[in-house]
Structures are given as C-alpha cells and as structure tokens.
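>>> This is a predicted model, with the sequence first.
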Amino acid sequence: MSSFNPATATDTRQQYLTFTLGEALFAVGTLNVREIIEYGHLTPVPLMPPSILGVINLRGGVVPILDLRQRFGQGATQVSRRSCIVILEVQRSGIDQVIGIVVEAVNAVLEIPEQDIEPPPSFGSQIPTDFLIGMGKLDTRLVVLLDIGRVLSLDDLQLLAGRELPESA
C-alpha cells in the first residue's frame, strides 16, 4: 500500500507561502521561511553562476541571494516594486543554511490538504522534477510546490560555501 505523502509530519495539512515567478504560482513550506524583506541592494560575488545574484548583510550575517527563474533556466526575475526577498532556512548536509530567493510578488500563506497535492508531473514542466514536492490544487489553478532543500543544495551553493566573502568596511 504505497501512497504519495508530501507532509513531513503526521498532520494532513501543511502551510505554504505562495509567490509569483513569471506567470506561474509557486510555494514553499512555511517551516522553511524565516522572513520576507524588501528587495534592496545586493553585493555581487565574482565568479558565481548567474542564478546567484549576490549577497546581503542581514543583521550581521552574510546571506546569498538566488534568482529561482535563472536557476530554472527561465531568464532573470523581473524586479518591480512588488518584488521581495524570501529568507529561507534549509538543512544541507546536516547544517542549517540561510539563503534568500528573489520573487516577483508574495501572494499568501495557504493551507493545502494532503489530498489536494498530486505528485510532480513527469512531463511538460520546465523545472526538474527533482525540485518539486508536487502540484497543489487550488480552486481555479495549480501551485508548484518546491522542495526548497533540493533546489538550494546545489553545486553553485557549495561554491558559495567554500568561497571567502569580502568583509565590508
């Protein structure tokens, strides 16, 4: 008796922060979300892949900022006055890592029941299925549920972890 179970706890509902990238609606589990901040000045880091936009100083800590659209091979995120940075905390190799993602707009926190989550499609997606938990069914549309730990535990982030970042004066 094998069934698809995206919930990490015995709870059959999980909350997701939804946001917009291009025409698509995406979501990450709220347990990974630390905070949402205004899009501001980023300090570029030399020799990083295009999906790593730079770093910010967040209360004394250096936080790398990732452009998910570029990570998915869909071009740069269009920054507007609604754009913001979602600060996430994920575990990578047993270590908590804080990283920010640029989103075009944050929408809402939604509770999606387990029975309304389908496995990732094996076709038709521009995003590798490894990055997906599944597809959440809302009233009139679908939301792409990201496995943010997999999206963020990539070679380019390992590059960042191994590089000494310049100290700001």
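That came through fine.
>>> Residue 49: helix or strand, and which one exactly?
According to DSSP states H and E, residue 49 maps onto no helix or strand at all.
>>> Residue 150 now?
helix 148-152.
>>> Which other helices and strands does that helix contact?
On a contact count with 3 or more C-beta pairs under 8 Å, 6 or more residues apart in numbering; DSSP states H and E, helix 148-152 meets strand 84-92. C-beta coordinates here come from the backbone N, C-alpha and C atoms, glycine included.
>>> For the helix or strand following the strand it packs on, name the packing helices and strands.
Of the helices and strands lying after strand 84-92 in sequence (DSSP H and E), the nearest is strand 95-103. The helices and strands touching strand 95-103, judged by 3+ C-beta pairs under 8 Å, 6+ apart, are strand 13-21, strand 52-58, strand 61-67, helix 68-71, strand 84-92, helix 155-162.
>>> Restrict the third one to CA atoms and write it as PDB.
Meaning strand 61-67. Extracted in PDB, the C-alpha atoms of strand 61-67 (Å, rounded to 0.1, in the frame of the first residue of the first chain):
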ATOM      1  CA  GLY A  61      25.100  37.700   8.700                       C
ATOM      2  CA  VAL A  62      26.000  37.300   5.000                       C
ATOM      3  CA  VAL A  63      23.100  35.700   3.100                       C
ATOM      4  CA  PRO A  64      23.400  34.600  -0.500                       C
ATOM      5  CA  ILE A  65      20.500  35.600  -2.800                       C
ATOM      6  CA  LEU A  66      19.300  33.200  -5.500                       C
ATOM      7  CA  ASP A  67      17.200  34.000  -8.600                       C
END
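>>> relative to strand 52-58, how tilted is it?
When axes from the mean of the first three to the mean of the last three C-alpha atoms, to 10 degrees is applied, the directions of strand 61-67 and strand 52-58 differ by 150 degrees.
>>> list the helices and strands strand 61-67 packs on?
So strand 61-67, by 3+ C-beta pairs under 8 Å, 6+ apart, packs with strand 52-58, strand 95-103, helix 155-162.
>>> try it again with 7 Å
Contact here means 3 or more C-beta pairs under 7 Å, 6 or more residues apart in numbering; DSSP states H and E; on that basis strand 61-67 packs against strand 52-58, strand 95-103.
>>> any chance of the ones you listed in a markdown table, plus mean pLDDT?
Below are the helices and strands packed on strand 61-67 laid out as a markdown table (pLDDT from 0 to 100):
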| stretch | mean pLDDT |
| --- | --- |
| strand 52-58 | 92 |
| strand 95-103 | 88 |
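>>> Show me the beta-bridge partners of residue 64.
residue 55 (DSSP bridges).
>>> right, and it touches residue 99 too?
Yes: counting by C-beta atoms under 7 Å, residue 99 is a contact partner of residue 64 at 5.3 Å.
>>> All set now, cheers.
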